[in-house]
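>>> model this:
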Amino acid sequence: MPSAEERPMGSKKSARGGGPHRNAGARGRPRQIEQAERREKLIEAAELVFVETGYGAANVDDIARRASMSKKTIYQIFDTKESLFAAVIAARRAVLASMIDVEACNADASPENVLRHFLSEFARFVLAPRQAALYRLVIAESQRAPELAHAFYREGRTKARSALTQWLALQHERKVLHVPDAASAAGMLFSMVIAEPQMCLLIGESPEPSEECIRERVDRALDIFLNGARVRGDVHGMAGKKIGRIQERGWRPVPAK
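Numbers count the residues shown, from 1 in each chain. So this is what the prediction gives:
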């Protein structure tokens, strides 16, 4: 039996002979899909206009031309330019959110592989020109619309760091890694990987980093982090034995005065 989507739009009867009511529902779904597609196209066009001209200079006429839509159609979907700008920010946040999946970090994967994948994906997203351009726009509009800037940060980097913090805390609980302060460790990892290249990208000091540069930076960050956080056994006991060997060679601590 064909589904409602498969039946011709102009059909007068359903497959069960139920009359026009089921057919009205069939006609409604394509309209809903068309509305969603128009909304997505409009958001993409608005993002380009906002980035190119700035929020203040952008107007609905420019966005309508870029989206090949009428102003009337735009206002049917978004009441104001502010709501359209908020939708642009939300769309980019959604892209990042779709990349964050703590459940994908299963217990069978090694910490190094999990971290390398997570940090590489995050770096590719944050250090892409499109994201950098939107970041500049949000900073420029932060005084006029601080709530959007806060949402951009909170739902972006903060959400990613929260996912990493949860995973690190789990590794500490399982005694896989020694990470007593998972939140600080997550912040340090993100900073090592993206802080400097992101700043250089935002101020135009350097272009988008290559895939090789991102890979090398992630590898260096992981080497530093894991060599400091990897569980090695009785760390304090090892330190005590090392001091003992030094003292055997004639060194003694200077008494406090």
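
>>> Could you measure from Gly54 over to Val126?
From Gly54 across to Val126, the span is 21 Å (CB to CB, to the nearest Å). From N, CA and C alone the C-beta is placed, and that goes for glycine too.

>>> Compare neighbour counts for the two and give me the winner.
Ranked by neighbour count (other CB atoms under 10 Å), Gly54 and Val126 place Val126 first, with 20 against 13.

>>> tell me the phi and psi of the more buried one?
Val126 has phi and psi values of phi -70, psi -30 when expressed as degrees, to the nearest 10.

>>> next one: Ala57
Torsion angles, degrees, to the nearest 10, at Ala57: phi -80, psi -20.

>>> Quick one, grab the pLDDT at it.
With respect to pLDDT, Ala57 scores 85.

>>> Return the distance of it relative to Val49.
9 Å.

>>> tell me, what residue is most central in this structure?
The centre of the chain sits closest to Leu96, judged by CA atoms, centre = their mean, with a distance of 2.7 Å.

>>> my read: that one touches Ala160, true?
Yes - using CB atoms under 8 Å, Leu96 is in contact with Ala160, at 6.5 Å.

>>> Could you tell me which residues touch both of those two?
Shared contacts of Leu96 and Ala160, defined by CB atoms under 8 Å, 6 or more residues apart in numbering, comprise Phe122.

>>> From Val126, how far out is Ile63?
Distance from Ile63 to Val126, by CB to CB: 26 Å.

>>> I meant Leu170, not that one.
24 Å.

>>> For the stretch 51-200 of the chain, just list every one of the strands.
Shown for the stretch 51-200 of the chain, no strands are assigned by DSSP state E, counting those that start in this stretch.
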